[in-house]
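Novice: Give me a 3D structure for the following:
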Amino acid sequence: MAVRKENSPHADPWRLCYIVRLMNRRDFLGGFAIASLSGCAPKVRRAATTPGLPSYDVLPRLMPVRAEVDRIFRVTVCLRPFRAAGPRLDIERVGDKTVVHNYGHGGSGWSLSWGSSSVAVEKAMAAGERDVAVIGCGALGMTSAILLQRAGAKVTIYAKERPPEVRSARATGSWTPDARIALTNSVSPDFPALWEKMCRNSFHTYESFLGMAGNPVEWTDRYALSDTSPAEARGNRRRDDTLSFAHYQDRVADLTPHSQDLPPGSHPFPTRYARRTSSLTFNIAGYSRQLVTDFLIEGGKIERVEFHSPSELNQLSQKVVINATGYGARALWKDESIIPVRGQIAWLIPQPEVNYGVIYKNVNILSRRDGIVVQDGGKGEMEGYNDSNEQPDRAAAESAVRVVAELYGRMGRQAGI
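Specialist: Numbering: from 1, shown residues only. As a prediction, the model looks like this:
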């Protein structure tokens, strides 16, 4: 098709029509509503009625993930600190120090951080000291330190590493407040109520980060895709969970939107079943930087120190210490109740036009501002259990990305592209 040369590409409606037709093919995951443009032939797709969904609830245009192994720019491994009894939040005396523990949150560290740290800070401040130390600079360490400052304390963080080197910087970045939080038959009778209190506290604190520059926290849609029925999928998860991990999401069902079955024809996915919900996403690179900045602005100090035994805390001038060392507490405190749960992420180059998450064949895909997370869930909650290997597995990372490529390949064939 000949295109007349003008000073502006928008001067020729036929050229604009040609561009729109190309976009129609490239944006095959969308197409639910493309505005008519003056001068375009009527072959351009127009908005269609979406079966089974009200007009205000139709899916937005979903751009495809460029799932190519050469777009993997890093592979990271995080060891989640799981404790069958749930997080450790008790008080211990070490020499002349009062130590408040705040570690062992499994896959719920970021999600529960503000609520759990609120419990730890209340206990720390009850000692009457106003000069407090925090050990650890990850999710629990930073939130403990900031909440101590808000309570009127002078705070110093002592840590071997700081963001982005800490383990929690390698987390998925999803709101998962009961992910591997405990075992049902190992928690105390009052733990479910304590978990709910921490969960609600943390969730409402995260609300204050919405809309901030850089989007440290934001809502994104998630799609669970399967060729098997939801009932069969639930049965498979129960069968694979040989330890009976605790789940308390029903206690806070009012906090987040309920999942929604998407009727056939209402979505672009090639699977028999598709469910949608919305959840909080933590853009951990920017969010961590925000926490560190907030802490330093209020006069906080961070000192690089590595402790090898609890007795070394006696070197500190502070009499009260919050121990938020995460998985590091297993070695530092000789705490064998901490079980590592290995999780690996393949990071694809960010795509600003992709702003949603997908679970397909147990592979979790989540677009964040700092990269697209591709994580193979394998055996579900038992995946990576008691595996302390922190070495990245490039072959496994590429295999997970190929699953993503297979999904979008199916979608393209379904759309006739």
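
Novice: CA only for contacts and neighbour counts going forward, please
Specialist: Noted.

Novice: Now do the strands in the protein.
Specialist: Ranges of strands in the chain, per DSSP state E, are 72-83, 91-94, 97-101, 131-135, 154-159, 217-226, 260-261, 273-282, 301-304, 320-323, 338-348, 356-360, 363-368, 371-376.

Novice: distance between the longest one and the chain's centre?
Specialist: Read that as strand 72-83. 12 Å (CA atoms, centre = their mean, to the nearest Å).

Novice: Among the strands of the chain, which comes closest to Ser111?
Specialist: strand 273-282 (9.1 Å; CA to CA).

Novice: any chance you could read off phi and psi for Asp96?
Specialist: Per-residue torsions, Asp96: phi -100, psi 10 (degrees, to the nearest 10).

Novice: Identify the residues contacting the closest residue to it other than its chain neighbours.
Specialist: Once flanking residues are discounted, Asp96 sits nearest to Lys319: 6.8 Å by CA to CA, 6 or more residues apart in numbering. Applying CA atoms under 8 Å, 6 or more residues apart in numbering, we find Lys319 in contact with 96-98, 129, 131-133.

Novice: quick one: which of those residues is most hemmed in?
Specialist: Ala133 (28 neighbours; other CA atoms under 10 Å).

Novice: thought that one was touching Val320?
Specialist: Yes. With contact defined as CA atoms under 8 Å, Ala133 counts as touching Val320 (6.3 Å).

Novice: Switch the contacts of Lys319 over to JSON lines; also include distance to Gly380.
Specialist: JSON lines is the format used below for the contacts of Lys319 (distance: CA to CA, whole Å):
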{"residue": "Asp96", "distance to Gly380": "44"}
{"residue": "Lys97", "distance to Gly380": "40"}
{"residue": "Thr98", "distance to Gly380": "38"}
{"residue": "Glu129", "distance to Gly380": "44"}
{"residue": "Asp131", "distance to Gly380": "43"}
{"residue": "Val132", "distance to Gly380": "39"}
{"residue": "Ala133", "distance to Gly380": "37"}
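
Novice: Could you say which of the strands of the chain is packed most deeply?
Specialist: Highest mean neighbour count among these (mean count of other CA atoms under 10 Å): strand 320-323, with a mean of 26.

Novice: List the pairing partners of that strand within its sheet, with orientation.
Specialist: strand 97-101 (parallel), strand 131-135 (parallel) (DSSP bridges).

Novice: Extract the C-alpha trace of it and format it as CSV.
Specialist: In CSV, the C-alpha atoms belonging to strand 320-323 read as follows (Å, rounded to 0.1, in the frame of the first residue of the first chain):
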residue,chain,number,x,y,z
VAL,A,320,17.2,-3.6,73.6
VAL,A,321,17.6,-5.4,70.4
ILE,A,322,15.0,-6.6,67.8
ASN,A,323,16.4,-9.7,66.0
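
Novice: Identify all contacting residues around it.
Specialist: So strand 320-323 is contacted by 97-103, 120-121, 124, 127, 129, 131-136, 141, 144 (CA under 8 Å, 6+ apart).

Novice: Stretch 243-259 too?
Specialist: With contact meaning CA under 8 Å, 6+ apart, stretch 243-259 is reached by 177-185, 192, 196, 199-200, 203, 275-279, 381.

Novice: and if we set it to 7 Å?
Specialist: 178, 180-184, 196, 275-279 (CA atoms under 7 Å, 6 or more residues apart in numbering).

Novice: Next: stretch 214-222.
Specialist: 209-210, 276-284, 286-287, 355-358.

Novice: Which pLDDT value does the model give Arg88?
Specialist: Arg88 carries a pLDDT value of 98.

Novice: OK, contacts around it?
Specialist: Residues counted as contacts of Arg88 (CA under 7 Å, 6+ apart) are 101-104.

Novice: Okay, helices next: where are they in the protein?
Specialist: Here the chain has its helices, by DSSP state H, at 13-26, 109-125, 139-150, 191-207, 230-240, 284-297, 329-332, 394-414.

Novice: Minimum distance to Leu348: which of those helices has it?
Specialist: When the helices of the chain are compared (using CA to CA), the closest one is helix 394-414, at 8.7 Å.

Novice: Which strands or helices does the closest one pack on?
Specialist: strand 371-376 (3 or more CA pairs under 7 Å, 6 or more residues apart in numbering; DSSP states H and E).

Novice: let's see it at 8 Å
Specialist: strand 338-348, strand 363-368, strand 371-376 (3 or more CA pairs under 8 Å, 6 or more residues apart in numbering; DSSP states H and E).

Novice: Appreciated, that's everything.
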